[in-house]
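1. Predicted model and sequence follow; I will ask about them next.
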Amino acid sequence: MLDAADAHVVVEGLVKIYGDRTILHGVDMIIGRAETLVVIGGSGAGKSTLVRHLIALERPTRGRIVIDGTDIASLNDVQLAKARRRFGMVFQKYALFDSMTVFDNVAFPLREQTKLSERDIREKAMTKLKELGVDHAATLTPAQISGGMAKRVGIARALVMEPELLIYDEPTSGLDPVTSRTVDSLIEEMRERFGVTSVVITHDMVSAFDIADRIAMLIKGRVVAQGSPAEVLAVDNADVQNFVRSSGVDVTRFEHRGTRKTAAELALRARERKSGRVE
Amino acid sequence: MSDDPPKAPGLLATVLAPVKSTFEEVGMLGDLAFRSIVWGIRPPYRVPLLVAQMEFVGVQSIFLVGLVGLFTGMVFAVQTVYGFRRFGAENMVGGVVALTLSREMAPVLTAIMVSARAGSGMAAELGNMRSSEQIDALETMAVNPVQYLVVPRMIAGVVMVPVLALIFFLVGIGGAWAVGVWGLSLDPGIFADRIKTMLKPSDITQGLIKALVFGFAVTLIACRHGYFASGGAVGVGQATTKAVVWGVVGVFVLDYIITSMLTEI
């Protein structure tokens, strides 16, 4: 179990109410440094609202978001702008600037937040575009490229600043399976190469089990399961089991990246540990 | 999501809803105006963005504003000659047209044209940026969206609407002169002399002050509706409509207030 003192991000009793609708009912969550936490849950579960709080795009009605020991809801605009330089976000709808070319979109955070020369900016942005396989589209505008390419450009823009905390809002939605796995590898690579802490929202259970160090399942604004993929699979909760079954992932065959054991084997071991049959 | 069923609003809440929403609207406009001023003073100053907006609000409106100004001046000349001829005062036409154009027609009609052309464009663009998460993306990249998007538009409105109003006025006078002198046989010397004797610098100043305030108001209203748009394509459409409708209403309300304050009778 993660200790809050060592955590990169701590979410404490997060409640969000819009008008008379309560979206989040006291969410508690700890995200360790250089850890990949995958948030899964059905539509309308409050996943996007939760991650928007992590980057202070929303202010909590109650509760706290503590990043590196600082409650980000307490920061003023200038302090928040400074703190955000360490964050990156890949948006569900790409969020590329229509008025700029693909290259300018990726160069934008470098131009705004660094004092690098235009030559260095060009080199960094083009390297990132190349890594994502979209360097050939550098001179095109977002309207001239496909959805999959736009997604990759959005990821390149988030990665170019090499942030400490990266939030991905459905990074593989709308992508073909091959590109989806490329994106998964990239998320993994960012963690391994740069020690990036990642929070990934996804409906893609293959992706979730592939990249997650830990999974948090959110249903109707409440965290109903949180832990390693195996622990989540072992949770005795009808909503969780129903979600896993409906996802189409064959837990008897799907292998976890780290242990090379099937998800079902891991779940069994987790259940046994819980009942005290295995030490 | 909450499991509780939504409660029906009470009678008092229903009656007070329009009052509450009016106060909320004024509050949002005031808040956005305040943030624009604060972020406008703070560096970095994004000159290329400002130049682009001045080109959009000002340069691209010149033809339209000139055209409306020309025909407004021409119509006004015909109407005043028609009316003044009844008591033999056609000689006053030049002065009356100049006064009306400078104090009222130029700032009001220019602001309406800018609201319809540039205001609608601003609301649609910002609304689309909001719904496609581009404004959120700016925030996450530590760029203040008010400073980046709203401030250049507001400055462009404040600077370019007075310039356009001046163009409206000059072209309008030209149109009135053409119709009056060439079409309705007024004496060109008297036409010009009446303008000179009746039009005071304060008339031009009042027109320019009005244009400046209208420029601030129409861009503020357009930015408010676009910046806070919600609800996808329908929401963006509604934001665009509201930007123009409330922009035009705002111009007329402010016109009365400024006229009352600046006119000594």
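-> That came in fine, so what should we check first?
2. which ones are touching residue B:192?
-> Residues near residue B:192 by C-beta atoms under 8 Å, 6 or more residues apart in numbering or on different chains: B:94, B:177. C-beta coordinates here come from the backbone N, C-alpha and C atoms, glycine included.
3. Off-centre distance for the helix or strand of chain B with the lowest mean pLDDT?
-> None of the helices or strands of chain B scores lower by mean pLDDT, DSSP states H and E than helix B:11-41, at a mean of 89. In terms of C-alpha atoms, centre = their mean, to the nearest Å, the centre of helix B:11-41 is set 20 Å apart from its chain centre.
4. buried residues in it?
-> B:29, B:32, B:33, B:35, B:36, B:39 (16 or more other C-beta atoms under 10 Å in any protein chain shown).
5. can you check stretch A:144-155 too?
-> Buried-residue list, stretch A:144-155, by 16+ other C-beta under 10 Å: A:145, A:148, A:149, A:150, A:151, A:152, A:153, A:154, A:155.
6. Show me what it is in contact with.
-> Under C-beta under 8 Å, 6+ apart, the answer for stretch A:144-155 is A:90-91, A:94-96, A:102, A:105-106, A:129, A:132-134, A:137, A:142, A:168, A:171, A:174-176, A:179, A:183, A:186.
7. Now narrow those residues to whatever sits close to chain B.
-> With the criterion set as C-beta under 8 Å from any C-beta of the partner chain, the members of those near chain B are A:91, A:94, A:95, A:96.
8. Keep only those of the residues you listed that are in strands.
-> Judged by DSSP state E, these include no members of strands.
9. farthest pair in those residues?
-> Maximum pairwise distance among those (C-beta to C-beta): 8.7 Å, between A:91 and A:96.
10. List the residues that are in contact with both of those two.
-> Joint contacts of residue A:91 and residue A:96 (C-beta under 8 Å, 6+ apart) are A:154, B:137.
11. show me the contacts for the residue most central in space within chain A.
-> Nearest to the geometric centre of chain A sits residue A:200, at 2.0 Å (C-alpha atoms, centre = their mean). Contacts for residue A:200 (C-beta under 8 Å, 6+ apart) come out as A:36, A:37, A:38, A:39, A:167, A:168, A:171, A:187, A:207, A:208, A:211, A:212.
12. Over to residue B:191?
-> Residue B:191 sits next to B:93, B:94, B:177, B:180, B:181 when contact means C-beta under 8 Å, 6+ apart.
13. Now it: phi and psi?
-> Note on residue B:191: its backbone torsions stand at phi -60, psi -50 [degrees, to the nearest 10].
14. quick one: it from residue A:234, how far?
-> 93 Å (C-beta to C-beta, to the nearest Å).
15. need the helices for chain A, in chain order.
-> A:47-54, A:77-84, A:102-113, A:118-131, A:147-159, A:177-194, A:205-211, A:229-234, A:238-247, A:263-275 (DSSP state H).
16. one step back: between the buried residues of stretch A:144-155, which sits nearest chain B?
-> residue A:154 (8.4 Å; C-beta to the nearest C-beta).
17. For the stretch 51-200 of chain B, what lies in contact range of chain A?
-> Neighbours of chain A within the stretch 51-200 of chain B, by C-beta under 8 Å from any C-beta: B:128-129, B:132-134, B:136-137, B:139-144.
18. hmm, 7 Å instead?
-> Counting by C-beta under 7 Å from any C-beta of the partner chain, the stretch 51-200 of chain B comes close to chain A at B:132, B:133, B:134, B:136, B:137, B:139, B:140, B:141, B:142, B:143, B:144.
19. Tabulate the residues you listed (TSV), appending neighbour count.
-> Below are these laid out as TSV (neighbours: other C-beta atoms under 10 Å in any protein chain shown):
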residue	neighbour count
B:132	20
B:133	21
B:134	23
B:136	21
B:137	27
B:139	20
B:140	24
B:141	23
B:142	19
B:143	21
B:144	19
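20. Close to chain B: what parts of chain A are there?
-> Residues of chain A lying near chain B (C-beta under 7 Å from any C-beta): A:20-23, A:44, A:55, A:57, A:77, A:81, A:84-85, A:87, A:89, A:91, A:93, A:95, A:97, A:108-109, A:112-113, A:220-221.
21. Where do the strands of the stretch 151-265 of chain B begin and end?
-> In the stretch 151-265 of chain B, no strands are defined using DSSP state E, counting those that start in this stretch.
22. pretty sure residue B:143 belongs to a helix, no?
-> No. Read with DSSP: H, G, I helix; E, B strand; the rest coil, residue B:143 is coil and lies in no helix.
23. May I have the beta-bridge partners of the residue nearest to the centre of chain A?
-> Taking DSSP bridges as the rule, residue A:200 bridges to residue A:38, residue A:168.
24. For residue A:184, see how far away it is.
-> According to C-beta to C-beta, residue A:200 and residue A:184 sit 9 Å apart.
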